[in-house]
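[1] Please find the sequence and the predicted model below.
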Amino acid sequence: MSLDPVALALWIPLVAAALLASLPGYRLTARLNVAASLLTLLAALLLLVGERPAPGAYLLVDDLNIVFIVLNCFVAFTTSVFSAGYIQHELETGRLTATKLRFYHAMYQMMMFGMNLAFVSNNIGLMWVAVELATLTTVLMVGIYQTHEALEAAWKYFILGSVGIALALFGTILFYTAAQPVVGEGADAMIWTVLLSRAAEFDPALLSVAFVFLLLGYGTKVGLAPVHAWLPDAHAEGPTPISAVLSGLLLNVALYALLRFKILIAANPEAITPGPLMAAMGLGSLVFAAFMLYRRRDIKRLFAYSSIEHMGIIVFAFGMGGPLANFAGLLHMVMHSLTKSAIFFAVGNIAQVKGTQRIADIKGLTQSHPALGWGFVIGVLAIAGLPPMGIFMSEFLVVSSTFARVPLLAIPLVLGLLLGMGALLLRLTGIAFGEPTGSTAPATGTNLPMQAHLALVLVAGVYLPPPLVAWFQNVGVLLG
Amino acid sequence: MGSLAFDIAHLLAGGLVLVSFMLLYQDRLSALVNVFALHALVLALSVAWQAFVQDAPHLYVTALIAVAFKVLVVPLALHRIIRQLGIHREIETVVGIGPTMLAGMGLVALSMAVILKITPEADPLAREDLAFALAVLLLGLLLMVTRRNAVSQVIGFMSLENGLILAATGALGMPLVVEISVAFSILIAFIVIGVFLFRIRERFDTVDTSALDAFRGERQ
């Protein structure tokens, strides 16, 4: 059998999940988790160079999803490295037991499987199943500590996520109903590539209604206001590695599903134009989250709201459409995933050292823990959008493309960005500088994944390799 | 398709909407569970009838799954949970019955207006099924919004999923993958919820989710 990277990217997590569920011992399983994530990453990298399989009834590989898969596997790998150190501390303090840990690792790999499956699926039904699977696994991981707060968060996440996913399924069914008279009954009417080639013949009114359901449904998972309520709780109460993958990866999965449907709808000239709806929801989320940032007292909640803000920017950019805005949206998505997960790596270590997530109780971090503290400072400066980081560049591109096309929309956009920046910098000074409080013991978790991410973000802000730019431009055209 | 076949399909789908309304005004948990079993039964009949009319044997499987899980297993399990928790007492509805029923009627009218308007050329059966399905879905959402109790929210969610299955079976020749996945998701969802209920009861001595609000991390 020849080496099929797609099959590998799906089978490795599945096999690893089964192994991790059955093997005892923290040292072995944590390493196995890292090894499996690394192998999956290598398989994903093979996609870049290898021959691409022709689109089948279930699987599809194209320029768009390769970006998502590689990003997904990379962040999942670095998170697994971070998770190993984090989990050790949790075991020592007794917050996790051996049984729960086994469960945690198995779920981590199942989530990887679900996310990779969602990315490569060419069937809108299969994609829905995969997104649902990834959601369920994260629900279980959010509730893993079984404290009052964790259970409430998991419950809220589960109920809102299920409602969202139900709406998305209804949208998918409506889509099938629109396609069925043209493509014919059966599985063909759910294959994305077939749908795309014939979308212009579908009933436009039905497509429009379908898109509204899909936008609300998958939009819930993206964390767009007003259906974002699950997001801050889920981020704050679960284990920090899970906060990192939620922000960095799971939101992207839902966004990816939304983009696939956007391309389909845009292929029908008479259906609703998906752009303005997405832009409006994105802008709303951005401004809303920017205001909400000011009143956060919990450090993980603070960055959860920042994720809503940035997903708003990304959805806004894709909603604006056109090559430049799409390019900016894609770049921003990559930068946000890298930076936000780096911040959560830092926050995880900070919370473990200080024993609290309350912002008011964390002070003077750069004095007590220089490496961790300064890494955190750089991460927050990056996410706030200060030059010369990658996020500054992508935000700049979003703003300038908006100015060029709809100057009036640039006003709330810039306002939201500045408000968000102000809130983050305000909190940063308190956390990073001043007299240190709490424990000054060194952090047990490793800082390497955080530093690697931040280095990438910094390099991307200064220099983007031309092949990458060409690739993103290509995808930008594909997105319409 | 004969007009009798159409009428029966119409009757069953309409029946599902009616039972959704019955769910809205049940003020005791055990009664709510029973009405949900009825809801699932009507759904199973409707799916089985679709299987017969469309000559699609795989839909019988969906109907069987609906009967086995949602008419028998789930209600029995829920009854058990309710008994264990000792919450046969009245449900505290957030909004009164009257306004809820009015809102429900509005939602049904809305779904009819939307679906019938956008599908003038579709197969009449698929079209009406879709309209009824959307109505059931929205009523399920309404149930979830108006109830605070965890068990009734679960029932609201499951009735919402019933609406989805109605829509999936109404769409001609929709692949089996999707139906099984729907059934599966309900199964998984139920296990998950069951686990959660168990823990919630352990931790809070009540499954009233408004009690959960007090522990929200934001208020400190």
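    Yes, it's here. Predicted, not measured: the structure shown is a model, and the values here were computed from it.

[2] With adjacent residues omitted, what lies nearest to the closest residue to chain A within chain B?
    Closest residue of chain B to chain A, C-beta to the nearest C-beta: residue B:173 (2.8 Å). Using the backbone N, CA and C atoms, a C-beta is placed for each residue, glycine as well. What sits nearest to residue B:173 in space, not counting adjacent residues and going by C-beta to C-beta, 6 or more residues apart in numbering or on different chains, is residue A:185, at 2.8 Å.

[3] got it, and residue A:229?
    Closest to residue A:229 by C-beta to C-beta, 6+ apart is residue A:160, at 6.1 Å.

[4] Spell out which residues of the stretch 151-300 of chain A are next to chain B.
    A:151-152, A:154-155, A:158-159, A:162-163, A:166, A:169-170, A:172-174, A:176-177, A:180-181, A:185-187, A:189-190, A:203, A:205-206, A:208-209, A:233, A:236-237, A:297-298 (C-beta under 8 Å from any C-beta of the partner chain).

[5] mind running it again at 7 Å?
    Residues of the stretch 151-300 of chain A that fall close to chain B, judged by C-beta under 7 Å from any C-beta of the partner chain: A:151-152, A:154-155, A:158-159, A:162-163, A:166, A:169-170, A:173, A:176-177, A:180, A:185-187, A:190, A:203, A:205-206, A:209, A:236-237, A:297-298.

[6] max-length helix in chain A?
    helix A:148-183 (DSSP state H).

[7] Can you give me every residue that contacts residue A:349?
    A:372, A:443, A:445 (C-beta atoms under 7 Å, 6 or more residues apart in numbering or on different chains).

[8] quick one on the thing from earlier: who's in contact with the residue nearest to residue A:229?
    With C-beta under 7 Å, 6+ apart, residue A:160 has these contacts: A:220, A:227, A:229, A:230.

[9] can we see that at 10 Å?
    A:220, A:221, A:227, A:228, A:229, A:230, A:231, A:233, A:234 (C-beta atoms under 10 Å, 6 or more residues apart in numbering or on different chains).

[10] if I've got this straight, residue A:443 is in a strand?
    No. According to DSSP: H, G, I helix; E, B strand; the rest coil, residue A:443 belongs to no strand; its state is coil.

[11] Pull up the gap between the closest residue in space to it that isn't next to it in sequence and chain B, please.
    Of all residues not flanking residue A:443 in the chain, residue A:349 sits nearest, at 4.3 Å (C-beta to C-beta, 6+ apart). Here the criterion is C-beta to the nearest C-beta, to the nearest Å. By it, residue A:349 lies 20 Å from chain B.

[12] before we move on, which element is residue A:349 in?
    helix A:323-354 (DSSP states H and E).

[13] okay, and for chain B, where does confidence drop off?
    B:1-2, B:85-94, B:122, B:176-220 (pLDDT under 70).

[14] can I get the contacts of residue A:349 in TSV with pLDDT?
    Listed next are these as TSV, based on pLDDT from 0 to 100:
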residue	pLDDT
A:372	89
A:443	76
A:445	77
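
[15] so which of those comes closest to residue A:256?
    residue A:445 (29.7 Å; C-beta to C-beta).

[16] what secondary structure does the closest residue to residue A:368 other than its chain neighbours sit in?
    Nearest-residue entry for residue A:368: residue A:436, 3.9 Å, with adjacent residues in sequence omitted and distances by C-beta to C-beta, 6+ apart. With three-state DSSP as the basis, residue A:436 sits in coil.

[17] Touching, residue A:436 and residue A:350? I think so.
    No. Applying C-beta atoms under 10 Å, one finds residue A:436 not in contact with residue A:350, separated by 11.9 Å.

[18] Mutual contacts of the two, please.
    By C-beta under 10 Å, 6+ apart, residue A:436 and residue A:350 have these common neighbours: A:362, A:365, A:369, A:373.

[19] For the first one, what are phi and psi?
    Per-residue torsions, residue A:362: phi -110, psi 120 (degrees, to the nearest 10).

[20] so who does it touch?
    A:299, A:347, A:350-351, A:353-356, A:368, A:376, A:427, A:430-432, A:436-438.

[21] ok, what's across the strand from whichever residue of the stretch 351-480 of chain A sits closest to chain B?
    Nearest residue of the stretch 351-480 of chain A to chain B, counting by C-beta to the nearest C-beta: residue A:358, 7.4 Å away. Note on residue A:358: beta-bridge partners residue A:298, judged by DSSP bridges.

[22] Which strands and helices lie in contact with the helix or strand where residue B:30 lies?
    Per DSSP H and E, residue B:30 falls inside helix B:29-54. Applying 3 or more C-beta pairs under 10 Å, 6 or more residues apart in numbering or on different chains; DSSP states H and E, one finds that helix B:29-54 contacts helix B:3-25, helix B:58-65, helix B:74-85, helix B:124-146, helix B:150-170.

[23] Which stretches in the stretch 51-200 of chain A count as helices?
    Using DSSP state H, counting those that start in this stretch, the helices of the stretch 51-200 of chain A run over residues A:63-92, A:98-120, A:124-142, A:148-183, A:192-198.

[24] mind listing what's buried in the fourth one?
    Along helix A:148-183, these residues count as buried under the neighbour rule (16 or more other C-beta atoms under 10 Å in any protein chain shown): A:148-181, A:183.
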